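Asker: pasted the sequence and its predicted model underneath.
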Amino acid sequence: MSKKIAIIGGGIIGCLTAIKLKESGFEVLVVDKHEIGKESSWAGAGILFPLMPWNYRPKVYDLCMLASSYYENFSKKLYDITGIDPEYKKTGMTLIPPYEKDEVVKWANSQNLPYEETFFRNSESIHFPSVAQIRSPRLMKSIKLFMKEMGINIIENMELAEIDHKEGVVKKWPTKKNSFIEADYFVITSGAWTSNLKKNYKSKIYPVRGQMIQYKTSNLNIGKILYSNDFYILQRKDGVIIAGSTIEEVGFDQTVNIEKKEALMRKAEELIPDLVNVKVENHWAGFRPGTKENIPFIQKDDDYENVFVNSGHFRYGLTMAPQSAENLNEILIKSI
């Protein structure tokens, strides 16, 4: 009889972790307090590349290296099985000043990452042709169907309570509906909400709000991802243009405000002046799980023998998810 694993959190990290563990022969259950993939994973832009990776410790980029090739193949499988196209597209990304050219070129050469020196509106820029994007809402919809096809059990709209066992093994995890989730092992993949389940992560993983805007479909053709001064802009298959995002430590306040919206619009219109004639049709916010130096926790829990953590991926949950799932799977199997 296979061991049962409960994944707590149904974002991209939880879903890919569930898929990997199912492939390894475990019985897998995914529990989410809302709908699968409807929080941070739904809100993100879907850029499959760590922004400004030369500014991070190597471990951050190491976790991101698998992303592009993984999603290229996985998207085809998802489309074939579910009929939903996640819209994976290798558009490339152009880095626009300000940046330290020597530092960027040195890093790209060290990673054997192809780049081209180019110009964007008379500004000397660097283009990375291999960078891809994916449409996060469509990806999460297709993954949910795919997990069901695999035989992964899903429980939605079930919020788990904080664990406070004195014993070293958790057999039943309490919910906020006076019930329990039973499993042989538990994996916390709850992102910014991790400390709601184990309070010792409160100072380690915290919410960072990001606001984004969406321009209505127009005749503009941007083609590639544009990135400048911690701001990006990209275009979807149907012509919709996404721009973002803010970085705000405001707790779990998901309110959007006009000042941030206007600031995002100004930045977008500086890069693409014609956007001044295009209507902003959507403005939203999501929570990233911030950590020190942007390095996630992928490990066995310190307090309980059968609890594991795969959380704290900040802005790069989508990009880090494939390798993080591989790492967690390996750690869990070695612990059995």
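Answerer: Good, I have the coordinates.

Asker: quick one, helices of the stretch 101-250 of the chain?
Answerer: Along the stretch 101-250 of the chain, the segments classed as helices by DSSP state H, counting those that start in this stretch run 101-110, 136-150.

Asker: least reliable of the ones you listed by average pLDDT, please.
Answerer: Mean pLDDT across the helices of the stretch 101-250 of the chain is lowest at helix 101-110; the value there is a mean of 94.

Asker: between the helices of the stretch 101-250 of the chain, which gets nearest to residue 26?
Answerer: helix 136-150 (11.4 Å; Cβ to Cβ). Glycine gets a C-beta too; all of them are placed from N, C-alpha and C.

Asker: any idea which of the helices of the stretch 101-250 of the chain is most buried?
Answerer: Neighbour counts (mean count of other Cβ atoms under 10 Å) averaged over each of the helices of the stretch 101-250 of the chain peak at helix 136-150, with a mean of 19.

Asker: hmm, residue 307 is touching residue 188, no?
Answerer: Yes. With contact defined as Cβ atoms under 8 Å, residue 307 counts as touching residue 188 (6.9 Å).

Asker: name the residues contacting each of these two.
Answerer: 198, 301 (Cβ atoms under 8 Å, 6 or more residues apart in numbering).

Asker: need the contact list for residue 115.
Answerer: With Cβ under 8 Å, 6+ apart, residue 115 has these contacts: 104, 105, 108, 126, 127, 128, 129.

Asker: could you find the closest non-adjacent residue to it?
Answerer: Using Cβ to Cβ, 6 or more residues apart in numbering and skipping residues adjacent in sequence, the residue nearest residue 115 is residue 108, 4.8 Å away.

Asker: how about low-confidence regions in the chain?
Answerer: Low-confidence segments of the chain (pLDDT under 70): 1.

Asker: pull the longest helix from it.
Answerer: helix 317-335 (DSSP state H).

Asker: that one: how far from the chain's middle?
Answerer: How far helix 317-335 lies from its chain's middle: 14 Å, per Cα atoms, centre = their mean, to the nearest Å.

Asker: relative to helix 136-150, how tilted is that helix?
Answerer: Orientation check (axes from the mean of the first three to the mean of the last three Cα atoms, to 10 degrees): helix 317-335 against helix 136-150 gives 30 degrees.

Asker: can you give me the buried ones in helix 317-335?
Answerer: Within helix 317-335, the residues that count as buried by 16 or more other Cβ atoms under 10 Å are 317-329, 331-332.

Asker: same check, this time on stretch 167-182
Answerer: Neighbour-count burial for stretch 167-182 [16+ other Cβ under 10 Å]: 170, 173, 174, 175, 181.

Asker: what's the answer for stretch 118-127, then?
Answerer: Within stretch 118-127, the residues that qualify as buried are 120, 125, 126, 127, counting by 16+ other Cβ under 10 Å.

Asker: let's have the helices of the stretch 101-250 of the chain in CSV, adding distance to residue 78.
Answerer: Shown next, in CSV, are these (distance: least, Cβ to Cβ, whole Å):
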stretch, distance to residue 78
helix 101-110, 30
helix 136-150, 4
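
Asker: among those helices, which is nearest residue 2?
Answerer: By Cβ to Cβ (comparing all of those), the closest turns out to be helix 136-150, at 13.5 Å.

Asker: render the CA-only coordinates of that closest one in CSV, please.
Answerer: What follows is helix 136-150, C-alpha atoms only, in CSV (Å, rounded to 0.1, in the frame of the first residue of the first chain):
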residue,chain,number,x,y,z
SER,A,136,-0.6,31.7,-15.7
PRO,A,137,-4.4,31.4,-15.4
ARG,A,138,-4.6,29.0,-18.4
LEU,A,139,-1.6,27.0,-17.0
MET,A,140,-3.3,26.6,-13.6
LYS,A,141,-6.7,25.6,-15.2
SER,A,142,-5.0,22.9,-17.3
ILE,A,143,-2.9,21.6,-14.4
LYS,A,144,-6.0,21.2,-12.3
LEU,A,145,-7.6,19.0,-14.9
PHE,A,146,-4.3,17.2,-15.5
MET,A,147,-4.0,16.3,-11.8
LYS,A,148,-7.5,14.9,-11.8
GLU,A,149,-6.6,12.7,-14.8
MET,A,150,-3.5,11.5,-12.9
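
Asker: which strands and helices sit next to the helix or strand residue 269 falls within?
Answerer: Using DSSP states H and E, residue 269 sits in helix 258-271. Counting by 3 or more Cβ pairs under 8 Å, 6 or more residues apart in numbering; DSSP states H and E, the packing neighbours recorded for helix 258-271 are strand 206-215, strand 231-235, strand 241-244, strand 280-290.

Asker: those strands: which one's closest to residue 273?
Answerer: Taking the helices and strands packed on helix 258-271 one by one with Cβ to Cβ, strand 231-235 is closest: 12.3 Å.

Asker: and the angle for that closest one with helix 258-271?
Answerer: Going by the same axes, to 10 degrees, strand 231-235 makes 70 degrees with helix 258-271.
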